[in-house]
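Enquirer: A structural model of the following input is requested.
(3 chains)
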Amino acid sequence: MTESILNSAILLTLLGIVSALILYVVSKKFYVYENPLISEVEDLLPAANCAGCGFPGCRSFAEKLVNTDDISDLFCPVGGNEVMKLVSDALGKEVAEKDPTVAVVRCQGSCDVRPKTTEYQGPRSCAISALIYSGETDCQYGCLGDGDCVVACKFDAMYMDETTGLPVVITDKCTSCGMCVDACPRDIIEMRPKHKRDLKIFVGCLNEEKGGIAKRACSVACIGCSKCLDVCPKEAIVIENNLAYIDPAYCTLCRKCVPVCPTHSIIETNFPPRKEKKAEAKATAKVESIKPQNDA
Amino acid sequence: MSDQTIIVSSSPHVHSERTSEKLMYDVVIALLPVFLVSLYVFGINALIATFTAIISCLLFEYLIQKFLLKTKTTITDGSALITGILLAFNLPAGIPVWMIVVGSLVAIGIGKLSFGGLGFNIFNPALVGRVFLLVSFPVQMTLWPVPIENNTTLVDAVTGATTLGLIKEGVQFGQSMSEISTQIPSTADMFMGLTSGSIGEMSALALLIGGIFLIGRKVISWHIPVTVLATMAVVTGVFWMADPEYYANPLIHVLSGGAILGAFYMATDLVTSPVTKKGMVIFAIGIGVITVVIRLFGSYPEGISFAILIMNAFVPLINRYFKPRRFGSRIKAKIV
Amino acid sequence: MLKTFPKGGIHPSENKITSAKPIKRLPLPKVVYVPISQHIGIPAEIVVDRKDKVEIGQVIAKSGGYVSSNIHSPVAGTVTKLDKIVDTRGYKKQCIVIRSDVKNESNFQENEYPLKEEISLQQEEILKRISEYGIVGLGGATFPSHVKLQVKKDKLLDCLIVNGVECEPFLTADHRLMLEKGKEILVGIRILMYALQIDRAIIGIENNKKDAIDLFRSLTSGASGIQIAALQVKYPQGGEKQLIRALLKREVPKNGLPMDVGVVVHNVGTVFAIYQAIQHNRPLMERVVTVTGKKLNDPSNFWVKIGTPVKDLLDAVGGVPEDTRKIVSGGPMMGKALKNTDVPVTKGTSGILVISEDEASRGEPKNCIRCGECVDVCPMGLEPHLLMNLSEKGMYEKAIEEDILTCIECGSCSYVCPSHRPLLDYIRFGKSIGKQLESNK
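Expert: Okay, here's the model as predicted:
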């Protein structure tokens, strides 16, 4: 009895020693030298592996950062300037500084303003339904509502609003990795600068149809009337293909364009309510009747 | 045009009448003759066992999906019903009811739902339940009631060995085949179902009727059942010809045990068999060979359940290596 | 034994309810919307302007490249605007809007020309005219015909196959055309045989069109070179590769063209259009369209001017019934469901199918039970269930290895799937991504 216990104990010990030896030899024999800096830099990165930088994961981004001399065009959108500063210190290389951005959904075509004219049957994926046809509504530019962006978001920063059928960005969670931008077959999602207190003004429409057709498909569509163009003091607005676009590089968030838009397709978020002025009362009343979509 | 909006979808815009439910219920219909024979042979016990298995399979599927997985229940798709029937058909009549319930739990819970439900299971759920019971309760699982015509009373007292069991025992005691053959039922009895064994493996005739119905309805293709039985016949035939006094003849092997039940109903389970015809043949040859090896050289008298489970594990591999021939892959341009 | 292709295929109920209805002429549409991209390849370039007067058959958009085609005005009238019109997928596409001139007689000319048998043009002239007269494959793929006829020097051609299969359920446009214009089609075949310098042609017709088979057999009796082959009824036999396999037992190699096995395939509609172009100087301006549906009052076959809105066609058959839920351009297997009926008829429109409520909805998709039915019916020897899985999971490279790009999108897999899985939807998606990946390489 004792003998068998002893035997097994010896056997197991021997087995352990032999295995340890094998492991040791193999790890020595097949050791691959790696720049220790790579691991160091990788530790600085957010470890989200979101591929927002354009590389498959944080590790390959770290490799790129260490192995290239000029890293000024590399940027980690998730870590932002803080992380890039740390990387710069660790590697002693110049890094670019970028304004923090956040994803915005440039479509306000909820069920009540953009009526559904057809019913789609098939896989619920924007990429697939965009391939098959132009969407359940008459607008061929707007959101398809199948939520590819929500699936693509690895930070739980997006969800589909049940009532509007549109995706919503949770600004606080958004790391501006850009996965949703890539996932959207319609290019509806745009990365726009995240100003102080998350103030944003942008055109919530991408419809390039002529005014009448656009308006018929969706009551909050941009009709390209160029009223906003006229009031903009900084010439930040361009109109192309019957569609206004506010260039964030020039926009000073003066909010003059918002009340003049006849279809309320310009969205402002997180601004304090306007002061009631008699002259502006009429316009303001209209503006307040629409709720910004992206302030969740 | 109606008030409802037009439907837009990708082509095709028509669909065949076949649905997975219809396939499942065809299998149930095919199993009816077998069930009737078992009622005739085993009486009320067969009824009790079958219904216990069906009800517990459906119940476990419902309960697990509702409370554990919190998904939509799929008990109406017919697959749990088939699992129940096949499980019962692989058990001896007169097995304690609680064992059937345990077998059903293993079949549905471990065999099917733990893999993700219908379509994702690797092993045939009914066989998982059966083999679990066989290795856990070997005594009760091999207590074969002897069939008594028009029997309506419980037959616990009268039990006997199956044909294969008798052969195995005989061979172990050094009896020759001609001595054993006096103890085992005639091939005609085996064909009609007057032998002892599991509820559903009795009558080769009834099993064949159902099997041919399934092939006719194109629920299963002939490849698996025919190849399994043919392989068994060939392999046992080789041994029989080498030493007819030591090995039983191929006809006994094909007709006895669950060979026909397994070949037509268990091995052909859509989910756990290969998708291509080529793969099906390979799969079936594997089943045939393993079954014979277990029967002749293993400690169990019957091996088709194990054979099917073993080959189930190879199905992903078979699907990977036995692909249909791609159109245009033959680079042989014939120009006259 | 009738010929057919050996692997895969299905047999959906044929529903050829309009096969006994002669082709009628649709009244002149008031306005036609002529899209500039009616063919596979580069869209044509518009050469007319607003307020221009155009004659019937005048070039209004010029071929934009080699794989492209001219577009001719189907009516005499005035260009009212250069606008956009929805295509079959619902996207707005550039088109030329022409208001037809009701006083111009050429709009009402019956296009019944006397049969002209002798071929007066030279080989090069024939090829040139086919290219200039906007002839594209009328079977549905709308591949510019002149490209198919440009035979590379190193290819040996020995057979012209004329596709009169029409394997799509419901559609009867080709069937009726064969019955009514049989002699013209035979002349067209001779034109093509002359142009390609080959002496063998086979007309492939499925056995559910016995009258067309008999007609051609009686017309060609005694004549040499043209064979009539009756084929077993099986979908997708009208696919080029399947048809060549069925008739000649030759297999077009993967990523290859029919030319690689010495064959050129043309649809009977295309052959008739070529006859019209060569013998009567008429460019491709109209085609036969079957307007059908189980519940329509008067399903019919029509001669339709290119650019006629689909709603005009539906009005001509007595409007759509109350319970219509789906309108398909093309046949039920490969047609596209329309979003609205403003869509104009293009060169590729072979039929309009109206599907009512009870048949319009797709079944609820369930788990794959790995029955292998899709593998059995795939005429290309693919594994649709696997391809769907790979596309769904985003494994496009692997899907390319599994030959997703050779899928002909016939829809047989989705048709048979007992679990109602949207196999083709995913495969089509995977294919589109796969093509992008391949072209980026």
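Enquirer: spit out the contact partners of the residue lying closest to B:I294 once chain neighbours are set aside.
Expert: Spatial nearest neighbour of B:I294, chain neighbours left out: B:G303 (2.6 Å); criterion: C-beta to C-beta, 6 or more residues apart in numbering or on different chains. C-beta here means a position set from N, CA and C on the backbone, and glycine is covered the same way. When contacts are counted by C-beta atoms under 8 Å, 6 or more residues apart in numbering or on different chains, B:G303 touches B:I290, B:T291, B:V292, B:V293, B:I294, B:R295.
Enquirer: tally of neighbours for B:R217?
Expert: Residues lying near B:R217 (other C-beta atoms under 10 Å in any protein chain shown) number 15.
Enquirer: ok, it touching B:M24?
Expert: No. With contact defined as C-beta atoms under 8 Å, B:R217 does not count as touching B:M24 (11.8 Å).
Enquirer: so how far is the helix or strand harbouring C:K311 from its chain's centroid?
Expert: Element membership of C:K311, judged by DSSP states H and E, is helix C:310-316. Offset of helix C:310-316 from its chain centre (C-alpha atoms, centre = their mean, to the nearest Å): 20 Å.
Enquirer: do it and chain B meet at all?
Expert: No. Using C-beta under 8 Å from any C-beta of the partner chain, helix C:310-316 stays clear of chain B, coming no nearer than 9.7 Å.
Enquirer: other SSEs contacting the helix or strand just after that helix?
Expert: The element immediately downstream of helix C:310-316 (helix or strand, assigned by DSSP H and E) is strand C:324-329. If contacts are counted by 3 or more C-beta pairs under 8 Å, 6 or more residues apart in numbering or on different chains; DSSP states H and E, strand C:324-329 sits against strand B:6-9, helix C:310-316, strand C:336-337, strand C:351-356, helix C:357-360.
Enquirer: which bits of the stretch 151-300 of chain B sit near chain C?
Expert: Within the stretch 151-300 of chain B, the positions near chain C by C-beta under 8 Å from any C-beta are B:L270, B:V271, B:T272, B:S273, B:P274, B:V275, B:T276, B:K277.
Enquirer: switch the cut-off to 10 Å
Expert: By the rule C-beta under 10 Å from any C-beta of the partner chain, the part of the stretch 151-300 of chain B lying against chain C is B:218-221, B:269-277, B:279-280.
Enquirer: so which of those belong to helices?
Expert: B:K277, B:G279, B:M280 (DSSP state H).
Enquirer: OK, contacts around the second one?
Expert: Residues in contact with B:G279, defined by C-beta atoms under 10 Å, 6 or more residues apart in numbering or on different chains, are B:223-224, B:273, B:314-315, B:317-324, C:372, C:375.
Enquirer: for C:G262, see how far away B:A88 is.
Expert: 61 Å (C-beta to C-beta, to the nearest Å).
Enquirer: of these two, which one has the most company?
Expert: B:A88 (33 against 21).
Enquirer: doesn't the more buried one lie inside a helix?
Expert: Yes. B:A88: assigned to a helix according to DSSP: H, G, I helix; E, B strand; the rest coil.
Enquirer: which helix or strand lies directly C-terminal to the longest helix seen in chain A?
Expert: For chain A, the helix with the greatest residue count under DSSP H is helix A:2-29. Tracing the chain C-terminally past helix A:2-29 and defining elements by DSSP H and E, one meets helix A:36-44 next.
Enquirer: what are the buried residues along that following helix?
Expert: A:I38, A:V41, A:E42, A:L44 (16 or more other C-beta atoms under 10 Å in any protein chain shown).
Enquirer: and which of those residues is nearest to C:E359?
Expert: Set against C:E359, the nearest of those by C-beta to C-beta is A:E42 (57.4 Å).
Enquirer: for chain A, give me the ranges with low pLDDT.
Expert: Along chain A, the model assigns pLDDT under 70 to residues A:275-296.
Enquirer: which element is C:I244 on?
Expert: Assigned by DSSP H and E, C:I244 belongs to helix C:240-248.
Enquirer: wondering if that helix reaches chain B at all.
Expert: Yes. Contact between helix C:240-248 and chain B, assessed by C-beta under 10 Å from any C-beta, occurs at C:K241, C:Q242, C:R245, C:L248.
Enquirer: what about the closest residue to chain A within the stretch 251-400 of chain C, distance to C:I404?
Expert: Ranked by C-beta to the nearest C-beta, the top residue of the stretch 251-400 of chain C for proximity to chain A is C:R362, at 4.8 Å. In this structure, C:R362 and C:I404 are 22 Å apart, going by C-beta to C-beta.
Enquirer: so the two - more neighbours on which side?
Expert: A count of neighbours by other C-beta under 10 Å puts C:I404 above the other of C:R362 and C:I404, at 27 against 17.
Enquirer: quick one: residues contacting the more buried one.
Expert: C:I404 touches C:382-384, C:386-388, C:390-391, C:396, C:398, C:426-431, C:433-435, counting by C-beta under 10 Å, 6+ apart.
Enquirer: for ChimeraX, write the selection for the buried entries among those residues.
Expert: Here is the ChimeraX selection string for the buried members of the contacts of C:I404, based on 16+ other C-beta under 10 Å:
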select /C:382,383,384,386,387,388,390,391,396,398,426,427,428,429,430,431,433,434
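Enquirer: next step: the contacts of C:I404 restricted to helices.
Expert: Under the assignment DSSP H, those contribute C:384, C:386-388, C:390-391, C:396, C:398, C:426-431, C:433-435 to helices.
Enquirer: filter those by proximity to chain B?
Expert: Residues shared between the ones in helices among the contacts of C:I404 and the neighbourhood of chain B are C:L386, C:Y426, C:R428, C:F429 [C-beta under 10 Å from any C-beta].
Enquirer: mind checking pLDDT for C:G319?
Expert: Model confidence at C:G319, given as pLDDT, is 85.
Enquirer: circling back to that earlier point, tabulate the residues of helix C:240-248 next to chain B (a markdown table), appending neighbour count, pLDDT and distance to C:P258.
Expert: Below are these laid out as a markdown table (neighbours: other C-beta atoms under 10 Å in any protein chain shown; pLDDT from 0 to 100; distance: C-beta to C-beta, whole Å):
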| residue | neighbour count | pLDDT | distance to C:P258 |
| --- | --- | --- | --- |
| C:K241 | 25 | 92 | 8 |
| C:Q242 | 28 | 94 | 11 |
| C:R245 | 23 | 93 | 11 |
| C:L248 | 22 | 92 | 10 |
